[in-house]
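# What would the 3D arrangement of this be:
(one chain, ligands or ions: 2)
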Amino acid sequence: MRLLVTGGCGFIGSAVVRRVLRTTDWSVVNLDKLTYAAEPRALEETAADPRYRLVVGDVADAELLARLFAEYRPDAVLHLAAESHVDRSIDGPEAFLSTNVVGTFRLLEAALAHWRTLPEPERSRFRFHHVSTDEVFGALADEDPPFRETSAYDPRSPYAASKAAADHLVRAWWHTYGLPVLISNASNNYGPWQFPEKLIPLALTKALAGEPIPVYGRGEQVRDWLFVDDHAAALLAILGRGRVGRTYLVGARAERTNLELVRTLCAILDELVPNSPHRPHAQLIRFVADRPGHDRRYAIDPGRIEAELGWRPSRSLEEGLRATVAWYLAHHDWLVEMRARYDGRRLGLVRPAAAGAEPGGTER
Ligand code: NAD
Ligand code: TYD
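Ligands and ions are numbered 1, 2, ... in the order given. Coordinates of the predicted model:
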């Protein structure tokens, strides 16, 4: 099996590539633009593997895609390349449209052209798996049931809107052209190698430096946390055994408010770094101005992937967070280096409320 992965140097993509090379005999071509969010060192263990190849390029580059498909002739595409950070999408949405929408469109076009040349049985076996997010479904109120595969699309941020647009394109290529697609929408991922602009590595970076840990609003928003390796396992189960044209929601039934989550991280740090001058780390938590349009709650009902594919998360949130904190402690130099890569605007600085921004309307 030849797998074309896009965005394989990112946080989730690198976990997927590592898992594929460890657990299968497939070969992998990884198309990645190496944006600020990429970390090729997360794939160091695979670099010497002759089954692995990195192609540096843009998923929106139609010529490159045509060459890549013609030369490599993949049996499946696992599409993860994206701009992925909500706060960045608020500050600069254009890159989100270029990569997430136009990039997905170009990849679909290239995959369709390739798929049409395939003889049977390769043609029936081909899969285009699009990796998406639960944010396309908008925000839940506290009393609402979790998202399901049938939930209506209602994206609220430029990031979520761009991912929703991509999901619609993928479904359209299935219904209109018959391209054998799969879509998965996952909840918030955490684990090793996540760029420290996302909540968990950001909070750890700040806590370890003894700096204020920024919690937006009053920390009451709820996210449903999924360990990145469990997500990678789910993606491979869907790719291998998912029903063509179907959507699968991936989540680990681990809802926490942001404040609860950050307090848990601080408590784990207190335990794992007993001689820290910053103990108790929770004293560093600061409420800062809220994200404009901040979605109140995301939560996933993973009933379909559990029942159809037998997927289950391998660990509880507490176990996963403990392993994650231990990993970041062991990779503190990496965290500091990544922080220097960051543009500084958001890293724990109290953000001014966006001029003229309306409250996002987090209920419906
Ligand atoms: P990430 O930001 O860590 O990595 C994105 C990767 O894509 C990077 O390696 C980057 O260089 C690459 N990339 C960006 N633009 C590109 C382009 N134009 N062409 C080629 N490569 C490009 O993202 P992530 O957190 O690993 O997320 C991966 C996918 O999973 C995304 O599609 C995201 O929407 C989705 N997702 C993420 C989460 C989460 O919690 N992180 C949850 C659900 C779904
Ligand atoms: P984030 O990691 O950006 O993921 P997403 O926006 O895709 O859910 O944020 C997770 C939650 O944490 C979200 O509700 C916003 C909040 N948050 C903070 O409170 N402080 C921060 O510094 C960041 C980056 C996020």
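# show me the residues around the one residue in the stretch 201-350 of the chain that gets nearest to ligand 2 that make contact.
Using C-beta to the nearest ligand atom, the point where the stretch 201-350 of the chain gets nearest to ligand 2 is Tyr216, with a distance of 3.6 Å. Any C-beta I mention is one placed from the backbone N, CA and C, and that applies to glycine too. With contacts defined as C-beta atoms under 8 Å, 6 or more residues apart in numbering, Tyr216 is in contact with Asn258, Phe287, Val288, Ala289, Asp290, Arg291, His294.
# Can you give me the neighbour number for the third one?
Val288: 16 surrounding residues under other C-beta atoms under 10 Å.
# Thought Ile213 was touching it, still the case?
No. The pair formed by Val288 and Ile213 falls short of the contact definition of C-beta atoms under 8 Å, at 9.6 Å.
# gap between the nearest residue to Gly138 once chain neighbours are set aside and ligand 2?
Once its chain neighbours are removed from consideration, Gly138 has its nearest residue in Asp154; the separation is 3.2 Å (C-beta to C-beta, 6 or more residues apart in numbering). Taking C-beta to the nearest ligand atom, to the nearest Å as the criterion, Asp154 is separated from ligand 2 by 15 Å.
# same question, Glu71
Glu71 sits 35 Å away from ligand 2, taking C-beta to the nearest ligand atom as the criterion.
# May I have the phi/psi pair for the closest residue to ligand 1 within the chain?
Of all residues in the chain, the one sitting closest to ligand 1 is Gly10 (2.1 Å; C-beta to the nearest ligand atom). Gly10 has phi and psi values of phi -80, psi -180 when expressed as degrees, to the nearest 10.
# biggest helix in the chain, by residue count?
helix 158-177 (DSSP state H).
# pull the CA atoms of that helix into CSV?
Coordinates of the C-alpha atoms in helix 158-177 are reproduced here as CSV (Å, rounded to 0.1, in the frame of the first residue of the first chain):
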residue,chain,number,x,y,z
PRO,A,158,-12.6,31.6,10.1
TYR,A,159,-10.7,28.3,10.8
ALA,A,160,-13.9,26.3,11.4
ALA,A,161,-15.6,27.9,8.3
SER,A,162,-12.6,26.9,6.1
LYS,A,163,-12.7,23.3,7.4
ALA,A,164,-16.4,23.2,6.9
ALA,A,165,-16.0,24.4,3.3
ALA,A,166,-13.4,21.6,2.8
ASP,A,167,-15.7,19.0,4.3
HIS,A,168,-18.5,20.1,1.9
LEU,A,169,-16.1,19.9,-1.1
VAL,A,170,-15.0,16.4,-0.2
ARG,A,171,-18.6,15.2,0.1
ALA,A,172,-19.4,16.9,-3.2
TRP,A,173,-16.6,15.0,-4.9
TRP,A,174,-18.1,11.7,-3.6
HIS,A,175,-21.7,12.4,-4.6
THR,A,176,-20.9,14.1,-7.9
TYR,A,177,-17.8,12.2,-9.2
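# Once you drop chain neighbours, what's closest to the residue of the chain closest to ligand 1?
Nearest one to Gly10, counting by C-beta to C-beta, 6+ apart, is Ala37 at 5.6 Å.
# ok so, going back, return the member of the contacts of Tyr216 nearest to His331.
Asn258 (23.3 Å; C-beta to C-beta).
# Tell me the confidence at the residue of the stretch 201-350 of the chain closest to ligand 2?
The confidence metric pLDDT takes the value 97 at Tyr216.
# Next: the one 3 residues further on.
We note a pLDDT of 98 for Gly219 in this prediction.
# That one contacts Ala282, correct?
No. Between Gly219 and Ala282 there is no contact, the gap being 11.5 Å when judged by C-beta under 8 Å.
# between these two, what contacts are shared?
Both Gly219 and Ala282 are contacted by Val262, under the criterion C-beta under 8 Å, 6+ apart.
# The one helix or strand Leu107 maps to to helix 158-177, inter-axis angle?
Leu107 belongs to helix 104-117 when assigned by DSSP states H and E. Between the direction of helix 104-117 and that of helix 158-177, the angle (axes from the mean of the first three to the mean of the last three C-alpha atoms, to 10 degrees) works out to 20 degrees.
# quick check, helix 104-117 touching ligand 1?
No. Among the residues of helix 104-117, none lie within reach of ligand 1 under C-beta under 6 Å from any ligand atom; the closest is 9.1 Å away.
# how far out from the middle of the chain is that helix?
Between the centre of helix 104-117 and the centre of its host chain there is 23 Å, according to C-alpha atoms, centre = their mean, to the nearest Å.
# Close to ligand 2: what parts of the stretch 1-150 of the chain are there?
Val86.
# mind listing the strands for the stretch 1-150 of the chain?
Counting by DSSP state E, counting those that start in this stretch, the stretch 1-150 of the chain has strands at residues 2-6, 27-32, 52-56, 76-79, 127-133.
# Neighbouring strands - and their directions - for the second one?
In other words, strand 27-32. Sheet pairing of strand 27-32 (DSSP bridges) gives strand 2-6 (parallel), strand 52-56 (parallel).
# just those: most buried one?
Mean neighbour count, computed with mean count of other C-beta atoms under 10 Å, is highest for strand 2-6 among the strands paired with strand 27-32, reaching a mean of 25.
# quick check: angle from it to strand 127-133?
Comparing the axes of strand 2-6 and strand 127-133 via the same axes, to 10 degrees yields an angle of 30 degrees.
# Can you tell me what sits against strand 2-6?
13, 16-17, 20, 26-32, 59, 68-69, 72-81, 103, 107.
# Restricting the selection to alpha carbons, write that strand to PDB.
Once side chains and other backbone atoms are set aside, the C-alpha atoms of strand 2-6 remain, and they are given as PDB (Å, rounded to 0.1, in the frame of the first residue of the first chain):
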ATOM      1  CA  ARG A   2       1.300   3.400  -1.000                       C
ATOM      2  CA  LEU A   3      -0.100   6.200   1.200                       C
ATOM      3  CA  LEU A   4       0.100   9.900   0.400                       C
ATOM      4  CA  VAL A   5      -0.100  11.900   3.600                       C
ATOM      5  CA  THR A   6      -0.400  15.700   3.500                       C
END
